[in-house]
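> fold the following, please.
(chains A and B)
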Amino acid sequence: MTAIDDSFLPADPSTSKGGPVLVVDDLTVRFPTHDGLVQAVSGLSYTVEKGKTLGIVGESGSGKSVSSMAVLGLHDPRSTRMSGSIKVNGAEVIGASEATMKRIRGNEVAMVFQDPLTALHPYFTVGSQIVEAYRLHHNVSKKVARARAVEMLDLVGIPQPDRRVNDFPHQFSGGMRQRAVIAMALVNDPGLIIADEPTTALDVTVQAQILDLLQSLQREFDSAIIIVTHDLGVVAEMADDVLVMYGGRGVEFGPTKDVLTRPSMPYTWGLISSVPDVHERSDQKLIPIPGTPPSLLNPPAGCAFFPRCAHKDKVGGDLCETELPEFLPLAGNPAHLKRCHLHDPEQIYVDEVAPEIFADASEKLEN
Amino acid sequence: MSDTTTATAASVAPASTETVLSVENLKMHFPVKGSGVIRRTVGHVKAVDGVSFEVAKGSALGLVGESGCGKSTTGRMVTRLYKPTGGSINFEGTDIADYPGHKLKPIRREIQMIFQDPSTSLNPRHTVGSIIGAPLRIHNMVPKDKVLGRVQELLELVGLNPEHYNRYPHEFSGGQRQRIGIARAMTLQPKLLVADEPVSALDVSIQAQVINLLQDLQKEFDISYLFIAHDLAIVRHFCPEVAVMYLGKIVEIGDRESIYEHAHHPYTQALLSAVPDVKQAAVGGRRERIRLEGDVPSPINPPSGCHFRTRCTFAKDICSVVEPPLLQIGKKHKVACHFPGELHQHPEKPVTAPLLGVDEFGAPDPGASPAEVPGDGPGYADTWYDLANNSRGRA
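Numbers count the residues shown, from 1 in each chain, chains lettered A, B, ... in the order given. The predicted structure follows:
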């Protein structure tokens, strides 16, 4: 796993400065339940640099939300077993005291939740909730904090912020609520923002506004963003790096361009092929991934994707069924990691998968 | 322009042109009550304000738009879960818009609905067998001892294990639950299925499975769909014909090709450009797109003239004065805009003004002679307004 820590980012002197904001190393999260141990996240490692965006993609139950909530220490230690390490600006989160977590939460790492209606308290005005978040970490008067709240609402593009600050969440539209949640997340100028499906509940036009907002704020504050989503289009337009998760593990990781134009793991192929393209004529049938995601109570012994994989017969013997593939870099590209036994996935992708997905893209790949 | 649309429309259009559903000037105005004891009606939410469309047999019409545009309300009126406040719903030649409850029972057999969230649309205390069998019992379709056999047939049809009829909805995954909802809708062998966001609650890999299932059923039983969704990519894939709604009105309707390749309404263009694209990964950064400012206005008090003008970058004087009619501009393409045109090719002068008998600022023009607007009504006319020559075109 150390391969990720030191060598995965392409050298880009203009943007990558300073150490990583977040280092997750060999994170394992398990929940003991009546039915057994749910292995929600296993052996997950990734790094997020300052000013960069990481996209985490996967289906429900792939562990993407559980792992990002672990970064904020939101799992109850009494009902969760966690191991590995999560370092936020060098400080260890796992096993940290509640006092330490309170200092980190909202101040160094902030979260934007999927549904802004449930993330905001219906009894309090939007302004008072932002004021509360600000005063937790700053010893200022209510008046100063309120001015700051108005300033934040203005920053995220809410019209007449000095009046809207006194409104209750139900008086805001869906897009405005999500803006208010983003304002609350940014009020303490955190180095890392975790956005868990920030636009899933929103319409496309509002989604585009919110994504624009996140990007312009990122440029302004140079914060790192983790964007958890199931929409590959959002990842393609937002993220510098992508982590594809399946069955609680990372299965593919790399710069967005590499992962989405030369995906090397059958699950990623399946994700791309099962979504129709809005900008492309499509009369042929969609190619779904057969079956359903594995139960994390009793995950398959080998590759978690093995039961649904269309390419398992290309690997000799029963390797896929019995042995978990390691998370290793591709031969030609050390930044691009995959967890798959296939020997030459790039060739399979170019020869078999890409022509099925889009006729014109396979030409592009050969260039 | 008209030549190319004609050619492509002919190749896209299904062989049969028989119309199953024809909706004309459909309206749903929900009353807003005051707070006093008497609770007077103080206004109306114009959720749907005069929409007209047709669904051909074995075809699918997609209704797209932002939340609150009235697409779900339209679906609920077609299934007669709501009683429309105006307009007509012609289902196989009879107007069902005003049918009282008891006359609706036979209609329910023909028009069924698939709901968005399978976990709330299935009764958690009933077994799958009883859920799918309920329509059979209510409509006395088969003798009681044959219900189970039919239920198992249906389970098999939608790709579930027929042995599982005795299980409860919570024992199934989200995708399987949606299949149960589809099996229930299929029980009575309907002619028209209203699918209200049938896949938006599902994971991407499962979405494709359910979409393929819906298409297989369509082919096998010649079902027509009214497909309501906000996901433009899925609608493009599923529906040969698409209607774009904004604030209770259809702003653009046409075949797939016209809407996705030759959108003429600024709102359709903005919607299409806002969809994030996976292919952008090869280029990096964000795609160029049309920015829409602000939110959808309230349907209680919609803007005068064109509903979209408050967010439209091309809006001019006439837009706030006169409402643009739904103008047919191609064989299967209608658009409600004073300045219809492809992206970056919107005309300078309102093409609708001479038709409506107004000048280019929307004021009544005494010299003009208002003409009949081609495209009024649910279907498509044989003649249309040719944008290239500003004259009537023909097939």
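> what strands flank the helix or strand hosting A:V242, and is each parallel or antiparallel?
Assigning secondary structure by DSSP states H and E places A:V242 in strand A:241-246. Each strand that strand A:241-246 pairs with, and the sense of that pairing, follows from DSSP bridges: strand A:53-57 (parallel), strand A:249-255 (antiparallel).
> the shortest one: what's the following helix or strand?
So that's strand A:53-57. From strand A:53-57 onward toward the C-terminus, using DSSP H and E, the following helix or strand is helix A:64-71.
> pull the CA atoms of that following helix into CSV?
Extracted C-alpha coordinates of helix A:64-71, given in CSV (Å, rounded to 0.1, in the frame of the first residue of the first chain):
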residue,chain,number,x,y,z
LYS,A,64,-17.9,4.9,0.1
SER,A,65,-20.0,6.7,2.7
VAL,A,66,-18.8,4.6,5.6
SER,A,67,-15.2,5.4,4.8
SER,A,68,-15.8,9.1,4.4
MET,A,69,-17.7,9.2,7.7
ALA,A,70,-14.8,7.5,9.4
VAL,A,71,-12.6,10.5,8.4
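> can you name the residue of the stretch 101-250 of chain A nearest chain B?
Per C-beta to the nearest C-beta, A:G233 is where the stretch 101-250 of chain A lies closest to chain B, at 3.1 Å. Where C-beta positions appear, they are placed from N, C-alpha and C, glycine not excepted.
> for A:P77, see how far away that residue is.
Look at A:G233 and A:P77: by C-beta to C-beta, to the nearest Å, they are 37 Å apart.
> could you do B:R125 as well?
36 Å.
> so for those two, which residue has more residues nearby?
Each of B:R125 and A:P77 had its neighbours counted (other C-beta atoms under 10 Å in any protein chain shown), and the higher figure belongs to A:P77 (11 against 8).
> tell me the SS of that one?
Here A:P77 takes the coil state, with states given by DSSP: H, G, I helix; E, B strand; the rest coil.
> and A:M82, by the same measure?
What three-state DSSP gives for A:M82 is strand.
> related to what we said a few turns ago, burial count for the closest residue to the residue of the stretch 101-250 of chain A closest to chain B other than its chain neighbours?
The shortest distance from A:G233 to any non-neighbouring residue, by C-beta to C-beta, 6 or more residues apart in numbering or on different chains, is to B:P276 (3.1 Å). B:P276: 23 surrounding residues under other C-beta under 10 Å.
> against A:E220, how distant is the residue of the stretch 1-150 of chain A found nearest chain B?
Closest approach of the stretch 1-150 of chain A to chain B (C-beta to the nearest C-beta) occurs at A:E59, with a separation of 4.3 Å. Taking C-beta to C-beta as the measure, A:E59 and A:E220 are separated by 33 Å.
> so for these two, which sits in the more crowded spot?
Summary of the neighbour comparison: A:E59 and A:E220, criterion other C-beta under 10 Å, with A:E59 having more neighbours (21 against 10).
> doesn't A:D231 make contact with the more buried one?
No. A:E59 lies out of contact with A:D231 (C-beta atoms under 8 Å); the separation is 12.0 Å.
> mind putting the strands paired with strand A:241-246 into TSV with distance to B:I111, mean pLDDT and mean neighbour count?
Rendered in TSV, the data for these read as follows (distance: least, C-beta to C-beta, whole Å; pLDDT from 0 to 100; neighbours: other C-beta atoms under 10 Å in any protein chain shown):
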stretch	distance to B:I111	mean pLDDT	mean neighbour count
strand A:53-57	38	94	26
strand A:249-255	44	94	25
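> for A:A147, give its distance to A:V187.
For A:A147, the distance to A:V187 equals 12 Å [C-beta to C-beta].
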